[in-house]
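Colleague: here you go, sequence then predicted model.
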Amino acid sequence: TARPGATVRRARHARAAPRAAAFVETPSYDVAEWTSTEVEAIAAAGVEKPDSFVKDFSKPMSIPQEGIDAAVEVMRTGRIFRYSSTSAETSQVANAEKEFAEMVGQKYAIAVNSCSSAIFVAMMCVGVKPGDQVITNGFTFTALPSCIMRIGAEPVLVEATEQYTMDLDDLEKKAQESDAKVLLLSHMRGKVCDMDRVVEICEKYGLTLVEDCAHGCGVMWKGRQLGYHAAVACYSTQSDKVINSGEGGFITTDVDDIAAQAIYYTGCYERRYNKHLVQPPEYLCEQYMLTKPNLSCRMTEVTAAMMRPLIRNLYSERKPRYNARYAMLCKVMAAMAGEHIFVPEQHEHVGNMGDHLNFTLRNVTPEQNAAFRDTVKELGITLGWFTSNVNARFHKNWEKYGTPVYDLPQTDNILEYSYDMKCPPDFDNEDYPHIAHCIAYAVNKAVGKC
């Protein structure tokens, strides 16, 4: 049954009518023609051992020269603090906020120094208090339970599916059993559950939805950038993401009240709200000016300057390239080791962003799983194993800093055989069939096929 008070909570954080996104889903490159020859040749190689891969997976994407020049110009002026600009129009941060809001199709974007800061502020804006319970993913990055606990609240962890998304049956169970009023939903590695059902569950149990889109920039739901279902969404521009500013992030919302709170929580003071190009109503800014603590997690002008070209070319240039290479990886691995490599498909309404490859080994023993890791490492492929005792995405490792212990057997079983690989944008097209060959060979060797 629905929890009493749900209507009041929804009314307070009601979203405005959907805004048209400035960028809509565009088709990926037609990869069939340029991958067919490569796939056939590599598959024909069968069990032959490939040459080791020698490029560095840890290298982030390069900053475009336009971004470098803009950042240098900011440093020459000395106006690095976001509120030291002469006006909103001349502020790199204010312009980045406007451009990012337009990109995701929401009314407001508030720039911050990290996605963790964005998540913390977002939860403050929707009223999370010490002692509250907050439902979140059992498979996500450590920042989510950390932010919840930083407020003094308690994470309630939900099982994951083999698609690496939140298990919505378990979500409904946890919504019934807990006293949570907020769902902090992570789209881990850009994998998206059925958002229509998420909204139904939130409405049924009076949950305010906060979306962690750290991995969701460029990911679409029904042709719109992910994040618009929530009262507030959070994005990352850390170096491993599709927009690289070293550290950084954005809070997005259509709700005037949340935007005004976020501006002051993140570090605005006095009447510097006039340095934002897209401002909430003045009476809300005046209301929160002296009533919200200043957490000083602003983005700098240099950070915004270097990232703005990457905001502008994400959909038009880089997303199609990511997705073409991702398709290449999947085709080659399926051709060579499809019996043992499972790459989850996205929900039918999701437009993918192929910046990471996630896959699960099937029909292998624990010993074969370990042998696979040894071989793939020897071949120079850097994979993250989700149940490593140092992996920041494994819920059992969070217990060591005080996260409540949850029994998540479904999640544990899936992650034991699951792997994560960054798809660096600065690699060349021909690198990706080579990488896929290395992974497929390592699997086949582990199961005794070569």
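Modeller: Sure, I can see it. Residues are numbered from 1 along each chain as shown.
Colleague: the residue lying closest to residue 218 once chain neighbours are set aside: how many residues sit nearby?
Modeller: Nearest in space to residue 218, with sequence neighbours left out and distances taken as Cβ to Cβ, 6 or more residues apart in numbering, is residue 353 at 3.9 Å. Backbone N, C-alpha and C define where each C-beta goes, glycine included. Close neighbours of residue 353, defined as other Cβ atoms under 10 Å, add up to 25.
Colleague: residue 353 in helix, strand or coil?
Modeller: Recorded secondary structure, residue 353: coil (DSSP: H, G, I helix; E, B strand; the rest coil).
Colleague: how about the strands in this structure?
Modeller: Along the chain, the stretches classed as strands by DSSP state E are 108-112, 133-137, 154-158, 182-186, 208-212, 220-221, 224-225, 232-236, 249-253, 341-342, 350-351, 356-361, 384-385, 418-422.
Colleague: what's the third one in contact with?
Modeller: Think strand 154-158. In this structure, residues lying in contact with strand 154-158 by Cβ atoms under 8 Å, 6 or more residues apart in numbering are 131-138, 144-145, 148-149, 166-167, 170-171, 174, 178, 180, 395, 403-404, 406, 408.
Colleague: of those, just the buried ones, ChimeraX syntax please.
Modeller: Typed into ChimeraX, the line below selects the buried ones among the contacts of strand 154-158, using 16 or more other Cβ atoms under 10 Å:
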select :132,133,134,135,136,137,138,144,145,148,149,166,167,170,171,174,178,180,395,403,406,408
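Colleague: in the stretch 251-400 of the chain, which segments are predicted with low confidence?
Modeller: Across the stretch 251-400 of the chain, nothing is flagged by pLDDT under 70.
Colleague: so where do the helices sit in it?
Modeller: Using DSSP state H, counting those that start in this stretch, the helices of the stretch 251-400 of the chain run over residues 256-265, 282-289, 301-312, 319-337, 366-378, 395-398.
Colleague: and the longest one, what's buried?
Modeller: In other words, helix 319-337. Applying 16+ other Cβ under 10 Å to helix 319-337 flags 319-320, 322-337 as buried.
Colleague: do the second one as well
Modeller: Residues of helix 282-289 classed as buried: 284, 285, 287, 288, 289 (neighbour count, 16+ other Cβ under 10 Å).
Colleague: by how many degrees do it and helix 256-265 diverge?
Modeller: Counting by axes from the mean of the first three to the mean of the last three Cα atoms, to 10 degrees, helix 282-289 lies at 40 degrees to helix 256-265.
Colleague: export helix 282-289 as PDB, just CAs?
Modeller: Extracted C-alpha coordinates of helix 282-289, given in PDB (Å, rounded to 0.1, in the frame of the first residue of the first chain):
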ATOM      1  CA  GLU A 282      14.700  36.000  -6.900                       C
ATOM      2  CA  TYR A 283      12.500  35.500  -3.800                       C
ATOM      3  CA  LEU A 284      13.700  31.900  -3.500                       C
ATOM      4  CA  CYS A 285      17.300  33.000  -3.700                       C
ATOM      5  CA  GLU A 286      16.700  35.700  -1.000                       C
ATOM      6  CA  GLN A 287      14.900  33.100   1.100                       C
ATOM      7  CA  TYR A 288      17.800  30.700   1.100                       C
ATOM      8  CA  MET A 289      20.600  33.200   1.200                       C
END
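Colleague: so what touches that helix?
Modeller: With Cβ under 8 Å, 6+ apart, helix 282-289 has contacts from 256, 257, 259, 260, 261, 263, 264, 269, 270, 271, 273, 279.
Colleague: chain center to that helix, what's the gap?
Modeller: 31 Å (Cα atoms, centre = their mean, to the nearest Å).
Colleague: tell me the one of the buried residues of helix 282-289 nearest residue 389?
Modeller: residue 288 (43.3 Å; Cβ to Cβ).
Colleague: emit the ChimeraX select command for whichever of the contacts of helix 282-289 are buried.
Modeller: For anyone working in ChimeraX, the buried entries among the contacts of helix 282-289, judged by 16+ other Cβ under 10 Å, can be selected with:
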select :256,257,259,260,261,263,264,273,279
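Colleague: export the contacts of helix 282-289 to TSV and tack on distance to residue 371?
Modeller: Listed next are those as TSV, based on distance: Cβ to Cβ, whole Å:
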residue	distance to residue 371
256	57
257	55
259	52
260	56
261	52
263	53
264	55
269	58
270	62
271	64
273	58
279	58
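Colleague: related to what we said a few turns ago, dump the residue contacts of the residue nearest to residue 218.
Modeller: 190, 216, 217, 218, 219, 242, 319, 322, 323.
Colleague: turn these into JSON lines, including distance to residue 366.
Modeller: Shown next, in JSON lines, are these (distance: Cβ to Cβ, whole Å):
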{"residue": "190", "distance to residue 366": "29"}
{"residue": "216", "distance to residue 366": "33"}
{"residue": "217", "distance to residue 366": "36"}
{"residue": "218", "distance to residue 366": "36"}
{"residue": "219", "distance to residue 366": "33"}
{"residue": "242", "distance to residue 366": "34"}
{"residue": "319", "distance to residue 366": "37"}
{"residue": "322", "distance to residue 366": "33"}
{"residue": "323", "distance to residue 366": "34"}
